[in-house]
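> Whatever this is, show me its structure:
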Amino acid sequence: MSNLRLLDPMFSDSFDNAMRRFFAPMAFDVEPAPLLKMRVDVTENDKAYEVKADIPGVKKDDINVRIDGNVVQIDAEAHGEKDTKGNGDKVLRSERYQGSISRTFSLASDIDEGKVAAHYADGVLSLTLPKKTATSARKIAIQ
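Okay, here's the model as predicted:
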């Protein structure tokens, strides 16, 4: 049984598909935005969780990671432009996109926020999320 729970909007996929079908006759020769979904892999060992999130086409400065107890949220902003030029460098088509993507998930243990390490290279965000040490229960003497 996995302790990883995704908190994605429940209508995201079906609404997306319905809108694509609705506008399908009007859309032609259009490439999809490069950032549609953020793929996330989570592994665990005794001391930490390791997260790898695929976020291609995003600058490091446009990524935010928030941790609250055992909940991890990754947000990213994508910006891009594509120009297609014809003869004489006259712009025939210009496509711009801007959008955001977010993933939120909870883990079985709380995270030690002070020891989190993050690295972003080649479109992959790598997070090392150390587990908080469990505080042992102690018996209280009643006076």
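> Buried residues, stretch 102-111. List them.
103, 105, 107, 109, 110, 111 (16 or more other Cβ atoms under 10 Å). Bear in mind the C-beta positions are built from the backbone N, C-alpha and C, glycine included.
> The third one and residue 59, how far apart?
Looking back up the chat, that one is residue 107. If you measure residue 107 against residue 59 using Cβ to Cβ, to the nearest Å, the figure is 27 Å.
> which element is the nearest residue to residue 116 once chain neighbours are set aside on?
Once its chain neighbours are removed from consideration, residue 116 has its nearest residue in residue 129; the separation is 5.7 Å (Cβ to Cβ, 6 or more residues apart in numbering). Element membership of residue 129, judged by DSSP states H and E, is strand 124-130.
> Report the buried residues of that strand.
Residues of strand 124-130 classed as buried: 125, 127, 129, 130 (neighbour count, 16+ other Cβ under 10 Å).
> Make a markdown table out of the residues you listed and add distance to residue 69.
Shown next, in a markdown table, are the buried residues of strand 124-130 (distance: Cβ to Cβ, whole Å):
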| residue | distance to residue 69 |
| --- | --- |
| 125 | 20 |
| 127 | 16 |
| 129 | 12 |
| 130 | 14 |
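> show me where the protein has helices.
Remark: helices of the chain, listed N- to C-terminal, are 12-23; assignment by DSSP state H.
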